[in-house]
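1. Would you be able to build a 3D model of this:
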Amino acid sequence: MLDKTKNAAAASDAGWLTLFFGGNAIHSLVLSGGVALHALNIYIVTTVMPSIVRDIGGLGYYAWSTTLFVAASILGAALSARLLGRAGAGGAYAVAALVFGLGSLTCAVAPGMALLLAGRAIQGFGGGLLYALAYGVIRMVFPAALWARAIGLISATWGTATLVGPAVGDIFAEYGAWRAAFWSLLPLTAVLATLALSTLPRTTSGARGPLPLTQLALLIGIVLVLSVSGTLTATAEQIAGVSAALVLFAMLIAGERRAAARLLPQGALNPRSPLAALYATIALAMIGMQPEIYVPYLLQELHGRSPLAAGYIAALMALGWTAGSMTSAHWEGSRARKTITAGPFFGLAGLLTIAAFMPMISGGFAAIAVPLCLGIAAVGFGIGVAWPHIVTAVYAAAPAGEEEKAAASITTIQLFAASLGAALAGMTANLAGIGEGTAAGATSAAIWLFGLFALAPASGVVSARRALGAGPNRHMQNQDMH
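-> Purely as a prediction, here's the structure:
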């Protein structure tokens, strides 16, 4: 097992630049590069999908491009710990990059929607591996004092992709070169695989044992049901879909408790364990963020903003996440611990602010622009300011011998909660009247959507306090000693 305080004394005063010198530089490049590939691909493909269906057809399967990608990403994240244990960090990253590259190649040459969807599933699996491996490998290649900064770097990478990805995708779409969007990923995956093999550790844990096949099947089933629910327009159908997903989720929890081969680390389902409380805090944070998908529509419908302006205002949430992570990543000790409970408060305040100001249309957009933008940014900032320290707390709370599984589960839970939150957001918006296509329906949806989803960070305050009270954070305690 990795010594969680390795080199902590020597690096306790390390600054951000420490990540970019010596051996740390190449490790930072590989980890952030893998996340960048996954994130850029998401936003580029979202932008070029209209061009794809105009060229090869398959409009009826448009939503399945995202559905299969997300489902495969969660599967990849769930299996990343096993791959890391068997292939080592270098081998695991190389495999993930090659799988991602194979998916990109398949999409690039696809003559029709069927092969494109297969490529998107392969891409998603590789991307899920890359994203989850970043959290698993951080604790293997950096000293403990740099973990939070490395996590902040990952957040900054994702936030940058939020801005750059759509712009790059728009260039490919503008010139009708959507296939080039996929071809352009291939040399990057080759470079990433080569760097990973030559620089990352190849030590394996020799982990063996049966796969948690039942839990994996249920997990993918839940994601597929939720994704399909999000494409339905009838409220009754959406409610039925979400209800079916909740039944499958109950089956997943029951199966995980009884299974010999577990998907999550030991203690993850014990309400009194710090690990369970930390995972709950992550899930609630991601659920609370999902109303963001309606921000561009509401800004256009209620306030007359252009699609471009509405998109960039919505992107303030991702930028807030990046700013929060970069702000707090160097904090230590009690100051770092406080971010875990402070983060949900920012999210709660942000969602309530959006619920209050988004429906206001009488005074013009200028009257509400500042508080509304601050509210949107606050939701992301709340997650971001706590994120480096939640992740390092998960590292510290992981049972001995299950550190890789605990780290991989961060991404699995993050992606799963986002899927659940998106489905619930769609159902809430429809119930509130957004489907009417009127200003009154949009106003009602804004109030109910952001108001109800404020319950997620409010619950996150409780789970965060339980996480800190259920047991000491060994990593942060070690920081207090230096």
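2. And the helices in the stretch 51-200 of the chain?
-> Using DSSP state H, counting those that start in this stretch, the helices of the stretch 51-200 of the chain run over residues 64-109, 113-141, 147-174, 178-183, 185-199.
3. Those: which one's closest to residue 56?
-> Of all the helices of the stretch 51-200 of the chain, it is helix 113-141 that lies closest to residue 56, at 6.1 Å by Cβ to Cβ. In short, each C-beta sits where N, CA and C put it, glycine included.
4. name the helices or strands packed onto the closest one?
-> helix 23-56, helix 64-109, helix 147-174, helix 403-432 (3 or more Cβ pairs under 8 Å, 6 or more residues apart in numbering; DSSP states H and E).
5. Contacts only, for residue 326.
-> Residues near residue 326 by Cβ atoms under 8 Å, 6 or more residues apart in numbering: 152, 155-156, 384.
6. Give me the domain ranges for the protein.
-> The chain breaks down into these domains under automatic domain parsing: 24-205, 210-260, 266-482.
7. low-confidence ranges in this structure?
-> 1-14, 205-208, 470-482 (pLDDT under 70).
8. Sort out which residues of the helix or strand hosting residue 344 are buried, please.
-> Element membership for residue 344, per DSSP states H and E: helix 333-357. By 16 or more other Cβ atoms under 10 Å, the buried positions in helix 333-357 come out as 336-357.
9. picking up where we left off before, point out the most buried one among the helices of the stretch 51-200 of the chain.
-> Among the helices of the stretch 51-200 of the chain, helix 113-141 has the highest mean neighbour count (mean count of other Cβ atoms under 10 Å), at a mean of 25.
10. Report the inter-axis angle for that one versus helix 403-432.
-> With axes from the mean of the first three to the mean of the last three Cα atoms, to 10 degrees as the basis, helix 113-141 and helix 403-432 are set at 130 degrees to each other.
11. burial measure for the spatially closest residue to residue 164 that is not a sequence neighbour, as a count.
-> Leaving aside its sequence neighbours, residue 164 sits nearest to residue 40 (Cβ to Cβ, 6 or more residues apart in numbering; 6.8 Å). Neighbourhood size, residue 40 [other Cβ atoms under 10 Å]: 24.
12. Any idea which of the domains of the chain gets closest to residue 15?
-> domain 266-482 (7.2 Å).
13. about what we covered before: after the helix holding residue 344, which helix or strand is next?
-> Following helix 333-357 toward the C-terminus (DSSP H and E): helix 365-397.
14. That next one: how far from the chain's middle?
-> The chain centre lies 14 Å from the centre of helix 365-397; the measure is Cα atoms, centre = their mean, to the nearest Å.
15. what's the angle between it and helix 147-174?
-> Going by the same axes, to 10 degrees, helix 365-397 makes 130 degrees with helix 147-174.
16. can you give me the angle helix 365-397 makes with helix 333-357?
-> Using the same axes, to 10 degrees, helix 365-397 lies at 150 degrees relative to helix 333-357.
17. Kind regards, and thank you for your time.
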